[in-house]
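>>> Generate a structure from the sequence data that follows.
(chains A and B, ligands or ions: 4)
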Amino acid sequence: MPTPGTTASQATPRALKGPARRQFVLDSARLLCGVGLLGLGLAAYTKQAKARPPLAIRPPGAGAEGDFLGACIRCGMCVRDCPYSILDLARPESPVATGTPYFTARSGPCEMCEDIPCIKACPTGALDHALTDINQSRMGLAVLSDQETCLNFLGMRCDVCYRVCPVIDKAITLDLRPNTRTGRHTMFIPTVHSEHCTGCGKCENACVTDEASIRVLPAKLAKGALGEHYRLGWEEKTKAGGHSLVEDQGLVDLPDRLPEGVKLEGHFDPGSSPPLPSLPPGLGGEPTAQGDSALRKPGTEQGKRLSSKDAR
Amino acid sequence: MNNKRIGAEAVAAKGWLAAHRWLLARRASQLSLLALFLLGPLAGLWIVKGNLAYSLTLETLPLSDPYVVLQALVAGHVPARLGLIGALIVTVFYFLVGGRAYCAWVCPVNLVTDFAGWLRLRLGIKGSAHVSRSSRYAILAMTLLLAGLSGTIAWELVNPVSMLHRGLLFGLGAASAVVLAVFAFDLFVMSRGWCGHLCPVGAFYSVLGKWSPLRISASKRAACNDCMDCFEVCPEPQVIRPALKGAGKGIGPVILAANCTNCGRCIDVCSKDVFTFDLRYKNPPDNGAQITRHAATRGN
Ligand code: SF4
Ligand code: SF4
Ligand code: SF4
Ligand code: SF4
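Ligands and ions are numbered 1, 2, ... in the order given. As a prediction, this is how the structure comes out:
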């Protein structure tokens, strides 16, 4: 390690002899262990710091939490330039990574400034300068987190979250559902659409229940994932210009499991005769290059052997 | 306790003011920088916005801390233009005036650790844990390694330096406990413990200023009367000896060690005016050789 400013008291090991040399080695080992331990502790703390608490929302333009913690230098320029003073830098005791900017939607939501001064102020690009339309920001995602307390779910017409939403009728819509309790009314269910919700938190801020029934969470917490292999038939159909892919391509005939003795014409049944090898290769059964079809031809060598074994 | 106050001779020889010139200048620099930053949040006068990590002065001059920017780079994020320009300006500035001038003239923690050091002396607290002064370079390397491995600016989670400055401007919270811990550590556990042994920020600026032209020079070392006051007052006393006592060994009078903070305490405290600010190039090895050869070879 280059150590500018070292003095005669910290000479190179080569110049030392005997006990002095041993002392040097010991000291170096101690130093390495100490710093190593410090590093391990800090690494553990870093990992923990990446798990942001759900109610701390980052300003617009912030990337994924891990990226943000590598980019934000904690200067507070965004905090200073927010005209509504909703942003704050995390103090060491708060569960948000020390010094990083965040806001709490319930107490002060992002007002979605059209000129986005917080992003303009950021000297590092931790808040992405490419984001110029505040409606495209994704600070988090609103979730109607308690259907038991949401007044609209109880059959009333509160609608406050829907009305305060800056992306009204896109980010939150009111979906109609029959009220089965009264049997004669309609429920107006606030429904969040992730492709439009900016995560500003105005809905959570405005929710009239004592504890908010709708909350903005980091998208990573709020959003499910369907799995890539899922295809929604109705969407595929529209994409394909209105005709079903399934019908066009024909179905794959999967084996039917039927009760013994029952036959279903035209269906492939692996359980029906002639039987498949019941012994694994090496114990009498042999794999075939031609595949299973060869086994079922009664005339072939294998077919004979198999059926004779089976008869035994 | 010590009967003799450090610098008593200098005060007698030069008068109190002259014997505290650089100390006063340094405190003025530290406090006025802090005041400049505080004017915004306290009085709504936004001459400077931000904190030591990055600030914008008069809406035009960007300044960023090259150490934190380096960590961001190692973590895999290239800062936007203003952040980079700011880091460049600050890098060039400290390269010119001495890297650790940051420590002596700007860093708010210096006020805390200097106070701890002063109190330690006044209370006569002896005994100090032994940790190598090069630990800080190991810690510096560790912070950079961790930034690379974790992809985050990990050190900023715990850095007392930025915590204090940011805390003063944005709300201290538990940062006050961290700063208090640094103070108590320096006072009770290790003399000059934080700044002189552990702080990776100071270590970074040491490296940055390794080849700085502006240096302290013991240019009148021939006049040294071995009162040892400079060694007592210096936060990095190991840097003085080669320059002050090197006449007989062909070592020039300029303090070239990167850990010197360019604080000027040694200038203040010397009754013989041995030290001055000078350029590193004015470093004749034969300076004072004739007169002190005898003393130097025997004294060391
Ligand atoms: S968009 Fe406006 S209100 Fe929202 S965080 Fe940025 S500056 Fe503040
Ligand atoms: S302005 Fe950018 S770098 Fe500074 S605290 Fe805000 S997000 Fe972080
Ligand atoms: S060593 Fe660290 S804490 Fe001390 S003055 Fe320098 S930067 Fe500040
Ligand atoms: S040598 Fe002088 S200027 Fe350098 S750190 Fe020591 S007292 Fe300060």
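
>>> how close does the residue in the stretch 151-300 of chain B that ligand 1 sits nearest to get to A:R184?
Nearest residue of the stretch 151-300 of chain B to ligand 1 (Cβ to the nearest ligand atom) works out as B:F170 at 15.5 Å. Backbone N, C-alpha and C define where each C-beta goes, glycine included. Distance, B:F170 to A:R184, using Cβ to Cβ, to the nearest Å: 56 Å.

>>> So the two - more neighbours on which side?
B:F170 (21 against 7; other Cβ atoms under 10 Å in any protein chain shown).

>>> Quick check, A:A64 in contact with A:K220.
Yes - counting by Cβ atoms under 8 Å, A:A64 does reach A:K220; the two are 7.5 Å apart.

>>> Which strand residues bridge the closest residue to the residue of the stretch 151-300 of chain B closest to ligand 1 other than its chain neighbours?
Nearest non-adjacent residue to B:F170, counting by Cβ to Cβ, 6 or more residues apart in numbering or on different chains: A:L89, 4.6 Å away. Per DSSP bridges, the residues bridged to A:L89 are A:P101.

>>> residues near A:L89, how many?
That count, for A:L89 with other Cβ under 10 Å as the rule, works out to 24.

>>> Let me see the contact set for it.
A:R74, A:G76, A:V79, A:G99, A:T100, A:P101, B:R166, B:F170, B:G171 (Cβ atoms under 8 Å, 6 or more residues apart in numbering or on different chains).

>>> Could I get the pLDDT score of the closest residue to the second one other than its chain neighbours?
Think A:G76. Nearest non-adjacent residue to A:G76, counting by Cβ to Cβ, 6+ apart: A:L89, 5.1 Å away. For A:L89, the model assigns a pLDDT of 94.

>>> now swap in the one 5 residues further on and tell me
On pLDDT, A:S94 comes in at 85.

>>> Now for it: which residues touch it?
So A:S94 contacts A:A56, B:G173 (Cβ under 8 Å, 6+ apart).

>>> quick one: low-confidence ranges for the stretch 151-300 of chain A?
A:245-256, A:264-300 (pLDDT under 70).

>>> again, only using 90
A:168, A:183-184, A:218-300 (pLDDT under 90).

>>> which stretches of it form helices?
A:160-164, A:202-206, A:219-222, A:233-239, A:245-249, A:292-296 (DSSP state H, counting those that start in this stretch).

>>> residue contacts, the closest residue to A:L141 other than its chain neighbours?
With Cβ to Cβ, 6+ apart as the criterion, A:L141 has its nearest non-adjacent residue at 4.1 Å, and that residue is A:A222. The neighbours of A:A222, taking Cβ under 8 Å, 6+ apart as the test, are A:G140, A:L141, A:A142, A:V143, A:S194.

>>> nearest to B:C260, of the contacts of A:L89?
Ranked by distance to B:C260 (Cβ to Cβ), the contacts of A:L89 are led by B:R166 at 27.6 Å.

>>> Quick check: which element contains the closest one?
helix B:160-170 (DSSP states H and E).

>>> need the next SSE after that helix, C-terminal direction.
helix B:175-184.

>>> hmm, who's touching the helix or strand following that following helix?
Under the assignment DSSP H and E, the closest C-terminal helix or strand after helix B:175-184 is helix B:193. Applying Cβ under 8 Å, 6+ apart, the contact partners of helix B:193 are B:S128, B:A129, B:V131, B:F185, B:D186.

>>> if I pick the closest residue to the last one other than its chain neighbours, what's in contact with it?
Spatially, and ignoring its direct neighbours in sequence, B:D186 is nearest to B:A116 (3.7 Å; Cβ to Cβ, 6+ apart). In this structure, B:A116 makes contact with B:V182, B:F183, B:A184, B:D186, B:L187, judged by Cβ under 8 Å, 6+ apart.

>>> how far away is B:C270 from B:A138?
On the measure of Cβ to Cβ, B:C270 and B:A138 end up 33 Å apart.

>>> which parts of stretch B:25-43 are buried?
B:R26, B:Q30, B:L33, B:L34, B:F37, B:G40, B:P41 (16 or more other Cβ atoms under 10 Å in any protein chain shown).

>>> Could you do stretch B:245-257 as well?
B:K245, B:G246, B:A247, B:G248, B:I251, B:G252, B:P253, B:V254, B:I255, B:L256, B:A257.

>>> how about TSV for those, with distance to B:V106 added?
Shown next, in TSV, are the buried residues of stretch B:245-257 (distance: Cβ to Cβ, whole Å):
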residue	distance to B:V106
B:K245	31
B:G246	30
B:A247	33
B:G248	37
B:I251	30
B:G252	28
B:P253	27
B:V254	23
B:I255	20
B:L256	22
B:A257	20
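
>>> Taking those together, which two end up most distant?
B:G248 and B:A257 (18.8 Å).

>>> Which residue, other than its chain neighbours, is closest to A:C158?
A:L151 (3.7 Å).

>>> how much space is there between that neighbour and B:A75?
46 Å.

>>> Settle it for me: which of those two has more neighbours?
Counted by other Cβ under 10 Å, A:L151 and B:A75 do not tie: B:A75 has more neighbours, with 22 against 18.

>>> pretty sure the more buried one contacts B:S150?
Yes - contact status for B:A75 versus B:S150: in contact at 7.3 Å, counting by Cβ under 8 Å.

>>> what's the neighbour count on A:D27?
A:D27: 16 neighbours (other Cβ under 10 Å).

>>> From A:A171, how far out is the residue nearest to it when sequence neighbours are not counted?
Here the nearest residue to A:D27 in space, its sequence neighbours aside, is B:S132; by Cβ to Cβ, 6+ apart that works out to 6.0 Å. B:S132 sits at a distance of 58 Å from A:A171 (criterion: Cβ to Cβ).

>>> Name the residue in those two with the higher neighbour count.
Comparing B:S132 with A:A171 by other Cβ under 10 Å, the one with more neighbours is A:A171, at 25 against 19.

>>> one step back: please check the contacts of helix B:193 and keep the buried ones.
Buried among the contacts of helix B:193 by 16+ other Cβ under 10 Å: B:V131, B:F185, B:D186.

>>> List the residues that contact the first one.
Remark: with contacts taken as Cβ under 8 Å, 6+ apart, B:V131 is in contact with A:L31, A:G34, B:M190, B:G193, B:H197, B:L198.

>>> Stretch A:76-92 close to ligand 2?
Yes - under the criterion of Cβ under 6 Å from any ligand atom, stretch A:76-92 makes contact with ligand 2 via A:G76, A:M77, A:C78.

>>> do stretch B:169-185 as well
No - applying Cβ under 6 Å from any ligand atom, one finds stretch B:169-185 separated from ligand 2 by no less than 9.8 Å.

>>> Between the contacts of A:A222, which sits nearest ligand 4?
A:G140 (49.3 Å).

>>> And the residue nearest the centre of chain A, how close does it get to B:P237?
Centroid-nearest residue in chain A, with Cα atoms, centre = their mean: A:K220, separated by 4.4 Å. From A:K220 across to B:P237, the span is 52 Å (Cβ to Cβ).
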